Each structure stands twice: as structure tokens, then as C-alpha cells.
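Chemist: could you work out the structure for the sequence below:
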Amino acid sequence: MDALPSALSATNAQAGPSPQGVEAFLAAAGPLIDLRSPAELAQGHIPGAINLPLFDNDERAEIGTLYKQQGRQAAVLRGLALVGPRMESFGTALLAALAEHRTATSAAAHPHIAPCLRLHCWRGGMRSGSVAWLARQLDLPVLLLEGGYKAYRRWVLELFERPWPLRLLGGRTGCGKTDLLLALRERGVAVLDLEGRAHHRGSSFGALGLPPQPSSEHYENLLAADLVGLEGAEEIWLEAESSQVGRCRIPAGLWRQMQAAPALEIQRPLEQRLTQLVAIYGQQDPAGLVEATCRIAKRLGPQRTALALEAIAAADWASACRQMLDYYDRCYDHDLSSHAVQAVELGELAPAEAARLLLERGLVVARPSRVG
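Modeler: Numbering: from 1, shown residues only. You can find the predicted model right below:
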């Protein structure tokens, strides 16, 4: 509920522009400012948004409680008390955000587009309307998001329900699927990087050495932003995954389409795969490797688990990885069994060379406008 009051009246609202739909709002130029609390932002936000909260987490909770228990007037009065003393600093922050955007953005890049403050709160209510009023008193151009972040989230989920020309890149652990996808992207292929956006490599060991994962909600927001940039592509390539990448759940609409998508399975020699895995995991904290191994101990079985732990203790990374491959190979083989699969042997080709080979053979199609 976005009934949070503010220190400002929205009586001047008629003087401002009409709120914009999601796509027009995202396409506009100017800093995108999220007026929700830091906790709301952390759960999920529009990629690239700047957080300029009207209330902090505790204040928002306090005002929300007042609204429910004592009604709107009590909540509004408390909001006035909180925000009133910092109106000047808030206005200064709005001025700075627009000035920084103008400095960072080349006028030549958008010669006919004047930047404005793109403001939104939870559902386009009092927070965004009030801050828009303040901005207009400072003669700052403003654009509001109709329906707020709630409408944006609805748009994100609907986006994944649209039909997309998905193609899966499959292959057993250590084949270098992610590196190959990135190399294909460099050559103009439309790629949706599921693991990169999740900060996870997709296995029990996948989080080692990577930043914390986003929430599933924000993961959806990130993928939606990427997907919009791929509209019109003949093919969109992504890695064959299970329904979750670490703790990030692949959006339901996208996942359903992935299950029906054709797959290209890349194959590499066992020793090449071990070399790839050692390069990734041999530099990780041994304690993290032990913890990740223990998480899949039941699936590995007692013998393989014991051998893997012994190898980790001896810093014998190749032997440790070898113990995992039987389990993960069976998982990948099972996951690909329901797809129409075409296989290609890549031997020991580096990612750039492998990408060139796939394009030359017509197994992957680049976007014509990006080939140069």
C-alpha cells in the first residue's frame, strides 16, 4: 500500500505532465529516481535506479502502522514532522541528480531529448506526487511512472510471457558454456546471461568467489531489461539451466519457453573439462569447497564424497573435480533429454575460436545489424 504521506501537498499536480506508461517511462532520458525505502529497493528495483528515499525503513514502518491504527490524518502529520526539516536537502539532491546526469550524458548522443527527473514510488501515489510537486517548484522537469513500481513489476512478468525465439546452449560441466556465450555475444549474437545476472554458476559450488546473489524479484528485473534489448533478434541464446540458478528462480514464463526450446550441446574431452574446472575452482577457498561438497554428499555417495574431501585437503584440484563430474554429468544428460538436441565437438578450441566455428557452420545466427 502506497498511502505513505509526505510533507508536501499535491495540489499543484495538475500543472505537471501526465504519468507515463512503463515503456515510455523507461525509454525517456534523465535520472531514474526510486523514492521508496532502502528495504523496498533491496528487494527489487528498476535497474539503474537511484535511491532517494522519502522515508527510511523505520520511518516507513512507523507511518504505515499509524495509517492502519489511527488513520490517514495521523500518518500525514507524522510524515510532515519527519520530512519538513529536510525539504531543502531533498531539493538539493534532486538538483544534483539532474545535473550529474547532464554532465555524464553527451548532448550529442541525445540531441533532441531533454532529460528530466523520472520519479516513482510503489504505486505512483503520494510519495512520487509530492516529490514531483517539489521538483516543479524548483523548475525541474519531471516524469512520473503511472502505477509506480507495482505497474513495472506487472510489466516485467508479462514480458516473460511473450513468445521469444529461445535457443539453449547445453553441455556437461566444464565445457565452458558461459565463456562461449560471452564470446558469441562479442560477435553480435543475442545472448541472455542467466548465470551472470544471478552471480552464480549453477551448481553447489556456483557461488564461490562471486558477489552476493540478487533477490529473485530483482533477478527478474535484470533479465527483463536485458531481454528488451534483444527484441527483434532471430535467435536468443541462453545456457541450459535448472529452474533455479543458486537462489535465483528463473521467471516462470521464460522457464516454460526454455523447456520447449531446441538445444545445441557442446562437447569437449574430459581432460579439457577438468582443466577448465581447475582454473575456476582451484583458486577458491578450500573451506568453501568442502562446504559445497558436503551439501551434495548424499548425491555423490559416501565413497566419492570421501575421495573428493581428501583431494581438497591435498590441494589436488583435478582429482577433486573428477569426483564431482559423474554426478553433474548425469544431471545435465537428464535435463537435456527432453529437448531436440544437436551436438557439436569443440575439442580444445578457445571460446573465441569456438564462437567463430559455430557461426561459420550456421549453428548460431548473429543479428545482422551488429555484425561488423
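Chemist: from now on I want contacts and neighbour counts done on CA atoms only, so please keep to that.
Modeler: Noted.
Chemist: what are the phi and psi values at the residue most central in space within the chain?
Modeler: By CA atoms, centre = their mean, the mean C-alpha position of the chain lies nearest to Leu222, the distance being 2.7 Å. Note on Leu222: backbone dihedrals following degrees, to the nearest 10 are phi -60, psi -40.
Chemist: and what of Glu345?
Modeler: When read as degrees, to the nearest 10, the backbone of Glu345 gives phi -90, psi 130.
Chemist: before we move on, back to that, next up, the contacts around the residue nearest to the centre of the chain.
Modeler: 46-47, 197 (CA atoms under 8 Å, 6 or more residues apart in numbering).
Chemist: residues contacting the residue nearest to Val189 when sequence neighbours are not counted?
Modeler: Computed as CA to CA, 6 or more residues apart in numbering, the closest residue to Val189 that is not its neighbour in sequence is Ala366, at 4.1 Å. Counting by CA under 8 Å, 6+ apart, Ala366 makes contact with 187-190, 235, 359.
Chemist: now the buried members of the residues you listed.
Modeler: Buried residues within those, counting neighbours by 16 or more other CA atoms under 10 Å: 187-190, 235.
Chemist: how far does the helix or strand harbouring Glu271 sit from the chain's center?
Modeler: In this structure, Glu271 sits in helix 270-281 according to DSSP states H and E. From the chain centre to the centre of helix 270-281 is a distance of 27 Å (CA atoms, centre = their mean, to the nearest Å).
Chemist: with stretch 68-77 instead?
Modeler: Counting by CA atoms, centre = their mean, stretch 68-77 is centred 37 Å from the centre of its parent chain.
Chemist: ok, stretch 356-370 next?
Modeler: Here the centre of stretch 356-370 is set off from its chain's centre by 26 Å, with CA atoms, centre = their mean.
Chemist: flag every buried residue along that stretch.
Modeler: 364-367.
Chemist: which stretches of the stretch 51-200 of the chain have low pLDDT?
Modeler: Counting by pLDDT under 70, the stretch 51-200 of the chain has low-confidence residues at 106-112.
Chemist: re earlier: got the buried ones among the contacts of Ala366 as CSV, with secondary structure and distance to Arg247 columns?
Modeler: Output for the buried ones among the contacts of Ala366, formatted as CSV (DSSP: H, G, I helix; E, B strand; the rest coil; distance: CA to CA, whole Å):
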residue, secondary structure, distance to Arg247
Arg187, coil, 31
Gly188, coil, 30
Val189, coil, 27
Ala190, coil, 25
Glu235, coil, 27
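Chemist: what's stretch 303-317 in contact with?
Modeler: Contacting residues not belonging to stretch 303-317 are listed as 278, 281-282, 286, 289-290, 293-294, 297, 319-321, 323-324 [CA under 8 Å, 6+ apart].
Chemist: and which of those is nearest to Phe25?
Modeler: Checking these against Phe25 with CA to CA, the nearest one is Tyr281 at 42.5 Å.
Chemist: ok, the closest one - contacts?
Modeler: With contacts defined as CA under 8 Å, 6+ apart, Tyr281 is in contact with 208, 317.
Chemist: same deal with Ala183?
Modeler: Ala183 touches 351-352, 355, counting by CA under 8 Å, 6+ apart.
Chemist: secondary structure element holding it?
Modeler: If you go by DSSP H and E, Ala183 is part of helix 177-186.
Chemist: and that helix, how far from the chain's centre?
Modeler: 18 Å.
Chemist: could I get the phi/psi values of the nearest residue to Val364 once chain neighbours are set aside?
Modeler: Of all residues not flanking Val364 in the chain, Leu358 sits nearest, at 5.8 Å (CA to CA, 6+ apart). Main-chain dihedrals, Leu358, degrees, to the nearest 10: phi -60, psi -40.
Chemist: can you give the domain ranges for this protein?
Modeler: 13-156, 163-370 (automatic domain parsing).
Chemist: coming back round to it: distance of the residue nearest to the centre of the chain from Glu186?
Modeler: According to CA to CA, to the nearest Å, Leu222 stands 20 Å off from Glu186.
Chemist: now Ala27
Modeler: In this view, Ala27 and Glu186 are 25 Å apart by CA to CA.
Chemist: okay, the two: which has more neighbours?
Modeler: The neighbour comparison of Ala27 against Glu186 (other CA atoms under 10 Å) goes to Glu186, with 16 against 8.
Chemist: would you confirm that Ala74 contacts Tyr67?
Modeler: Yes - here Ala74 reaches Tyr67: they are 6.8 Å apart, a contact under CA atoms under 8 Å.
Chemist: ok, these two, which is more surrounded?
Modeler: Between Ala74 and Tyr67, Tyr67 has the larger neighbour count (other CA under 10 Å), namely 19 against 16.
Chemist: so in this structure, which helix runs the longest?
Modeler: Scanning the chain for the longest helix, with DSSP state H as the assignment, gives helix 317-336.
Chemist: what about that helix, average pLDDT?
Modeler: The average of the pLDDT scores along helix 317-336 is 84.
Chemist: quick check: buried residues in that helix?
Modeler: If you call a residue buried by 16+ other CA under 10 Å, then helix 317-336 has these buried ones: 317-325, 327-328, 332, 336.
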